[in-house]
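Asks: predicted model follows, preceded by the sequence.
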Amino acid sequence: MTLKKIGWIIKLKLVILLMLLLSGCWDYKEIHQITFVTTIGIDYKDKVFTVYLQALNFANIAQREGVRPPKHNSVVGTGKGATVTEAMFDLYKSEQQRVYWGHVSTMIIGEAALKEITVEQLTDTINRYREIRYNIWIYGTDVPIDKLMDIQPNFGYSPYDSRLMKPDKTYSQFSTIKPMFLYRFLSDYYERGVTAMLPKLVYEKSHWMENSKTTPHLIIDGAYFYSHKKFRGEIPYSQLKGKRYLEKAAERMLITINQNGQATATFVLNRPEIITKHTIQNGQVYYDIELRLTGYLDELIKEMSQPTMNSLVQKSVEKDIRRTFEAGKKIKADVLNLNTPVFRYDYQAWKQFIWPNPNMENIQIRNINVKVLIKYTGKYKGRID
């Protein structure tokens, strides 16, 4: 036998040996043999946890171009137990396929659970389980959670592309109440100098129709607040408009100004620049806010000069900020997080004057200086003095 043949035999034996050492796909499962959970809901009543799971058919999401089913069906399961984990295992008893948690994108917590159970209890299982990620959206609600999970978008879109799982898409176009990731909410919750906000998710039937029938749609209509690890209460969207002006992530804020009770112009304002300063006098904490906004004129109903426009926008913005601040004081929460810079950069003052007084009785907004620059007025240039 020649040396060349001996070399080939040795190589062949090495290849066979390596093939024997390779791991196989003995535990491989087809995609249609797995239940993909995308949303988790938790509620609490009479000392019993109720867990809601929404599962989607991912075969309807990965579809051919131009082909979309008339409706995406989602499956909603309900389990009950003395703990969140026990309620989840209650669902395992009736599930026909293996449940996979790696695609969870959203968590919804019922208002009763928010009021009666600590955040630590509600999120312990979610954070502890290895398959569930931290960057999932979190909401609170006062409507039945299973109803929220069962709402389907129009045009045959999957719930995976709805506000439930991708609220940042809508927020970038109309910045109202900022959506919140679970990790960001928990970071604010555990930070002593920060008030944590939990957006409130509900549904309504008044805006859209499909096939001449009204269809329900998800909206964010207010928020719940926590400070010092305590649930403080809820503020509706109508009283939260001022908070968006102090959110650096706000991209497009709609504002309509009025004269003599009549709408006269509508503007779209962009990312704000915020400077806050605090002064302490006789135990009272006063805040001065300087706010710089740019934007553009979107609609002009009545002729007015540029200085008049700026003045009306400034007054409207200031009014909204003060209204939101006072709404927060009623529930004993710094919803604008004005105290946060004091906590981080002037800790001794925060510890002496703010920390001992969670009721915020000694905290006031003194001055709000709003500067607005209307960069352009659109393609139509007329009717502006």
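Replies: Sure, I can see it.
Asks: for the rest of this, base every contact and every neighbour count on C-alpha atoms.
Replies: Fine.
Asks: is it correct that V370 is in contact with D288?
Replies: No. Taking CA atoms under 8 Å as the definition, V370 is not a contact partner of D288, at 10.9 Å.
Asks: low pLDDT regions in this structure?
Replies: 1-7, 19-32, 57-73, 378-385 (pLDDT under 70).
Asks: and the strands in the stretch 251-385 of the chain?
Replies: Along the stretch 251-385 of the chain, counting by DSSP state E, counting those that start in this stretch, strands occupy 253-259, 262-269, 273-281, 284-300, 363-376.
Asks: go through those and name the closest to F185.
Replies: strand 273-281 (21.7 Å; CA to CA).
Asks: which secondary structure element contains I16?
Replies: helix 3-21 (DSSP states H and E).
Asks: what about L293, distance to T256?
Replies: 15 Å (CA to CA, to the nearest Å).
Asks: for the longest helix along the chain, what is the distance to the chain centroid?
Replies: Longest helix in the chain by number of residues, with DSSP state H as the criterion: helix 306-330. Here the centre of helix 306-330 is set off from its chain's centre by 24 Å, with CA atoms, centre = their mean, to the nearest Å.
Asks: elements contacting that helix?
Replies: With contacts taken as 3 or more CA pairs under 8 Å, 6 or more residues apart in numbering; DSSP states H and E, helix 306-330 sits against strand 253-259, strand 363-376.
Asks: could you export stretch 360-369 as CSV, CA atoms only?
Replies: Extracted in CSV, the C-alpha atoms of stretch 360-369 (Å, rounded to 0.1, in the frame of the first residue of the first chain):
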residue,chain,number,x,y,z
MET,A,360,-44.6,68.0,47.8
GLU,A,361,-46.2,70.8,49.8
ASN,A,362,-43.0,72.8,49.8
ILE,A,363,-42.3,72.4,46.1
GLN,A,364,-43.4,75.1,43.6
ILE,A,365,-42.7,76.1,40.0
ARG,A,366,-41.8,79.8,40.1
ASN,A,367,-40.9,80.8,36.5
ILE,A,368,-41.4,79.1,33.1
ASN,A,369,-39.5,80.8,30.3
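Asks: can you list contacts of that stretch?
Replies: When contacts are defined by CA atoms under 8 Å, 6 or more residues apart in numbering, stretch 360-369 is touched by residues 283-291, 318, 322, 329, 332-334, 354.
Asks: also stretch 99-108?
Replies: So stretch 99-108 is contacted by 34-42, 131-133, 135-141, 145, 164-165 (CA under 8 Å, 6+ apart).
Asks: can you pull the buried residues of that stretch?
Replies: By neighbour count on 16 or more other CA atoms under 10 Å, the buried set for stretch 99-108 is 101, 103-108.
Asks: burial count for the closest residue to T78 other than its chain neighbours?
Replies: In this structure, T78 finds its nearest non-sequential neighbour in Y52, 4.7 Å apart by CA to CA, 6 or more residues apart in numbering. The number of residues packed near Y52 is 25, by other CA atoms under 10 Å.
Asks: element containing Y52?
Replies: strand 48-56.
Asks: now do the buried residues in stretch 145-158.
Replies: Within stretch 145-158, the residues that count as buried by 16+ other CA under 10 Å are 145-146, 148-149, 151-154, 157-158.
Asks: what about those, which are in helices?
Replies: Per DSSP H, the buried residues of stretch 145-158 map to helices at 145-146, 148-149.
Asks: so can I have JSON lines of the residues you listed showing distance to I219?
Replies: Shown next, in JSON lines, are those (distance: CA to CA, whole Å):
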{"residue": "I145", "distance to I219": "14"}
{"residue": "D146", "distance to I219": "15"}
{"residue": "L148", "distance to I219": "10"}
{"residue": "M149", "distance to I219": "13"}
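Asks: out of the residues you listed, who's nearest A249?
Replies: Using CA to CA, these come closest to A249 at L148, 26.5 Å.
Asks: if I look at that closest one, how far off is K13?
Replies: To K13, L148 is 60 Å away according to CA to CA.
Asks: go on, S227?
Replies: For S227 relative to K13 (CA to CA), the value is 68 Å.
Asks: swap in K319?
Replies: Applying CA to CA to K319 and K13 gives a distance of 82 Å.
Asks: quick one on the thing from earlier: and the residue nearest to T78, what does it touch?
Replies: 39-42, 76-79, 145-146.
Asks: could you list which of those belong to helices?
Replies: 145-146.
Asks: of the contacts of Y52, keep whichever come out buried.
Replies: 39-42, 76-79, 145-146.
Asks: export those residues to JSON lines and tack on distance to D124?
Replies: Output for these, formatted as JSON lines (distance: CA to CA, whole Å):
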{"residue": "T39", "distance to D124": "16"}
{"residue": "I40", "distance to D124": "13"}
{"residue": "G41", "distance to D124": "14"}
{"residue": "I42", "distance to D124": "12"}
{"residue": "V76", "distance to D124": "22"}
{"residue": "G77", "distance to D124": "21"}
{"residue": "T78", "distance to D124": "19"}
{"residue": "G79", "distance to D124": "17"}
{"residue": "I145", "distance to D124": "20"}
{"residue": "D146", "distance to D124": "22"}
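Asks: tell me the two of those residues that are most distant?
Replies: Farthest pair in the buried ones among the contacts of Y52, by CA to CA: T39 and G79, 13.9 Å.
Asks: which stretches of the stretch 1-150 of the chain form strands?
Replies: Under DSSP E, counting those that start in this stretch, the stretch 1-150 of the chain gives strands at 34-45, 48-56, 74-81, 98-100, 106-110, 137-141.
Asks: next, the angle strand 34-45 makes with the second one.
Replies: So the one you mean is strand 48-56. 150 degrees (axes from the mean of the first three to the mean of the last three CA atoms, to 10 degrees).
Asks: for strand 48-56, which strands pair with it and how are they oriented?
Replies: Here strand 48-56 has these sheet partners by DSSP bridges: strand 34-45 (antiparallel), strand 74-81 (antiparallel).
Asks: and L300, which of those is closest to it?
Replies: Within the strands paired with strand 48-56, the stretch nearest L300 is strand 34-45; the backing value is 42.8 Å (CA to CA).
Asks: report the angle between the closest one and strand 106-110.
Replies: Using the same axes, to 10 degrees: strand 34-45 against strand 106-110 is 20 degrees.
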